[in-house]
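S.K.: From the sequence below, what's the structure:
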Amino acid sequence: MKKIFLYLLFPLMISTSCKQVKKQNEAPTSDATVTQQTPTPTSIYVDLEGNPISLSDYQGKKILLNFWATWCRPCIAEMPSLLRAKEILEKENYQFLLVSDQSVKKITDFKERVDYDFNFIRTTAALSQLNIYALPTTFIYNEKGEKVEEITGAVEWDAETMITKLKNIQ
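M.R.: Modelled structure (predicted):
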């Protein structure tokens with residue numbers, strides 16, 4: 001077993017320890033090949049057709065980004081008040097995006113079943129990567145694209161105090 005381990009490890013050690021490392025200030029030699037790196041996708045959101053969405057697509061608008069799941073009872077319970085808030089804030093330059101990390105099929109099935117007029121999207125990131133550890137969680141962005149509010153837990157979105165707060169987002 002020890003011989004097999006060394007046999008497998010030795011070529012790896014040789015290949016990684018023998019690479020030449022160029023100094024930062026050193027220019028590449030004429031025989032060096034330059035490879036272009038493929039840019040990594042910066043969007044962690046996609047629509048239900050799989051098209052990438054970036055929050056910068058909504059530049060100049062206020063964004064209410066609500067993270068939810070089909071299995072989350074408080075998420076579903078707050079949706080009617082969220083829909084009423086969307087209607088109330090229609091002239092306030094708001095874009096409501098409901099984000100789930102579930103499959104497109106689950107989101108689409110839910111959307112068809114409840115018939116809420118929301119822009120449902122999907123995140124390709126783990127919720128923990130976004131520092132979301134409870135659902136529902138909502139991020140509010142101002143027209144400059146700055147996150148100005150984070151709300152964890154269900155909310156009565158159409159309550160007068162909440163509507164006033166959302167109208168006053170700068």
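S.K.: pLDDT below threshold where in the protein?
M.R.: 1-42 (pLDDT under 70).
S.K.: Which parts of it are strands?
M.R.: 45-46, 52-53, 62-67, 94-100, 119-123, 137-141, 147-152 (DSSP state E).
S.K.: what's the longest one packed up against?
M.R.: Under the contact definition 3 or more CB pairs under 8 Å, 6 or more residues apart in numbering; DSSP states H and E, strand 94-100 sits against strand 62-67, helix 73-88, strand 119-123. To be clear about C-beta, it is placed using only N, CA and C from the backbone, and glycine gets the same treatment.
S.K.: Next: the fifth one.
M.R.: In this structure, strand 119-123 makes packing contacts with strand 45-46, strand 94-100, helix 104-114, judged by 3+ CB pairs under 8 Å, 6+ apart.
S.K.: Let's see that with 6 Å instead.
M.R.: strand 45-46, strand 94-100 (3 or more CB pairs under 6 Å, 6 or more residues apart in numbering; DSSP states H and E).
S.K.: just to revisit the earlier point, format the strands of the chain as a markdown table; extra columns: distance to Ala77.
M.R.: What follows is these, written out as a markdown table (distance: least, CB to CB, whole Å):
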| stretch | distance to Ala77 |
| --- | --- |
| strand 45-46 | 24 |
| strand 52-53 | 26 |
| strand 62-67 | 13 |
| strand 94-100 | 14 |
| strand 119-123 | 17 |
| strand 137-141 | 14 |
| strand 147-152 | 15 |
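S.K.: which ones are touching Val67?
M.R.: Slight slip there: residue 67 is Phe, not Val. For Phe67, the residues meeting the contact criterion (CB atoms under 6 Å, 6 or more residues apart in numbering) are Val99, Ile132, Thr137.
S.K.: need those in JSON lines with distance to Ile76 and neighbour count, can you?
M.R.: JSON lines is the format used below for the contacts of Phe67 (distance: CB to CB, whole Å; neighbours: other CB atoms under 10 Å):
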{"residue": "Val99", "distance to Ile76": "15", "neighbour count": "26"}
{"residue": "Ile132", "distance to Ile76": "17", "neighbour count": "20"}
{"residue": "Thr137", "distance to Ile76": "15", "neighbour count": "20"}
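S.K.: which one of the residues you listed sits closest to Asp117?
M.R.: The closest of the contacts of Phe67 to Asp117 turns out to be Val99 (CB to CB; 16.2 Å).
S.K.: That closest one touches Ile121, doesn't it?
M.R.: Yes. Val99 lies in contact with Ile121 (CB atoms under 6 Å); the separation is 5.4 Å.
S.K.: quick revisit: ok, which of the helices and strands packed on strand 94-100 comes nearest Ser43?
M.R.: Comparing the helices and strands packed on strand 94-100 by CB to CB, strand 119-123 comes nearest, at 9.7 Å.
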